[in-house]
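Undergrad: 3D, please:
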Amino acid sequence: MSLRFSVLASGSTGNAFYIESKKEKILVDAGLSGKQIDLLFEKAHLDPSELSRILVTHEHSDHIKGLGIIARKYNLPIYANEKTWKAMEHSIGKLTVDQKFVFNREEVQTFGDMDIESFGVSHDAAEPQFYTFHSGGKKVALVTDLGYVSERIKKIVEDADAYIFEANHDVDMLRMGRYPWSVKQRILGDSGHVSNEDSGLALADVINNNTKRIYLAHLSLDNNMKDLARMSVSRILEERGIHIELCDTDPKEPTQLYDVV
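TA: Numbering: from 1, shown residues only. Just a heads-up that it's a prediction; the model follows:
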C-alpha cells in the first residue's frame, strides 16, 4: 500500500477527506461539527488522534466548520494559503502559532513519504485550492468545488490512480428546482460547481490505464441523485470507450478505506 483513503463526508452539508501513506495520516477539510467528524472516523475504523496534519481547500463552512475544534482537540497543524487563512481566521477560533502553516497555490510540499501538490480552482472563495497526493509511484487527485475544469487543471490531475471528482448537479434538475435564480446562476457559473455532464467530459480527458477508481463527490442534495450522477458520467465515459468503476460518496457515511495499488 502506497496510499489509502476514505471520503469521510462529501456534499453541500459538509466535507472531509482522509488519506494516508506509510508515514503520514492527513485530513483534508473538516466541514462538519467536531462530534460528527469523530463519528465519521469511528465508522471508517480510523483514529483521529493518529492524524499528522490538516489541509484546507477554502474557507466555506462546509469545509471548515469543525476545523478549529479538531485541530485543538488533537493538537494538529493546519495548512492553508494566506488568503484562506485571512478569510477563515474569525470562524475557527484561537490556535497556537505552531499550528498555523502556509501552503500556497501551485506548490509542492513533502510530508514524510508523501508529496502533495496544490492547484488553484475557480470557485467563489478567497483563494480556493485542491490537491494531488503522491507516494510510492501512486497518485490520488482531489478535485471538487470548481466552476469548470481548465486545461491547466487537467494537466495537473491527469493519469491519477484514483479520483475524487465533483459531480455536483444535474443541469435540468437545477434549472427546474426551488433555488432562487441568483443561486442557480452562481452554481452554473464559472465560479460555481461542476455538473454531472461536465464531470464526465473532464474525466474522459484525464484518466488513463492506471486509473482504477473514481469517486463522484460533492453531490447536491437538491439537484442531483447518486444513480443519476453515476449514469450520466458513465454514459460519457463509455461513449469514449472507457470502462471504469464509479463509486458513490455520501454526506453522512464514509466510504470504505481504499488501498491504491
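
Undergrad: so what's the residue nearest to Glu82 when sequence neighbours are not counted up against?
TA: Closest residue in space to Glu82, ignoring its immediate chain neighbours: Val102 at 5.8 Å, by CB to CB, 6 or more residues apart in numbering. For every residue, glycine as well, the C-beta is placed using N, CA and C. With contact taken as CB atoms under 8 Å, 6 or more residues apart in numbering, Val102 is in contact with Tyr79, Ala80, Asn81, Glu82, Trp85.

Undergrad: the second one against Leu67, yeah?
TA: By that I understand Ala80. No. Between Ala80 and Leu67 there is no contact under CB atoms under 8 Å: 9.2 Å.

Undergrad: show me where this protein has its strands.
TA: Taking DSSP state E as the criterion, the chain carries its strands at 3-9, 16-20, 25-28, 53-55, 78-80, 100-102, 108-111, 114-120, 129-135, 138-143, 162-166, 213-217, 245-248, 258-260.

Undergrad: buried ones in the last one, by neighbour count?
TA: Of the residues in strand 258-260, those buried under the neighbour-count criterion (16 or more other CB atoms under 10 Å) are Tyr258, Val260.

Undergrad: check stretch 178-190 too.
TA: Tyr179, Lys184, Ile187.

Undergrad: off-centre distance for it?
TA: Chain-centre distance of stretch 178-190: 21 Å, with CA atoms, centre = their mean, to the nearest Å.

Undergrad: quick one: contacts of it?
TA: Against stretch 178-190 from outside (CB under 8 Å, 6+ apart): 122, 124, 147-148, 168-169, 171, 174-175, 177, 192-193, 195, 220, 222-223.

Undergrad: buried sites along whichever helix in the chain runs longest?
TA: If you go by DSSP state H, the chain has its longest helix at helix 226-239. Buried residues in helix 226-239, defined by neighbour count with 16+ other CB under 10 Å: Leu228, Ala229, Arg230, Ser232, Val233, Ser234, Ile236, Leu237.

Undergrad: so which elements touch it?
TA: Applying 3 or more CB pairs under 8 Å, 6 or more residues apart in numbering; DSSP states H and E, one finds that helix 226-239 makes contact with helix 196-206, strand 213-217, strand 245-248.

Undergrad: in CSV, list the strands of the chain along with distance to Lys35.
TA: Shown next, in CSV, are the strands of the chain (distance: least, CB to CB, whole Å):
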stretch, distance to Lys35
strand 3-9, 13
strand 16-20, 13
strand 25-28, 15
strand 53-55, 17
strand 78-80, 19
strand 100-102, 24
strand 108-111, 27
strand 114-120, 28
strand 129-135, 26
strand 138-143, 24
strand 162-166, 24
strand 213-217, 23
strand 245-248, 24
strand 258-260, 25
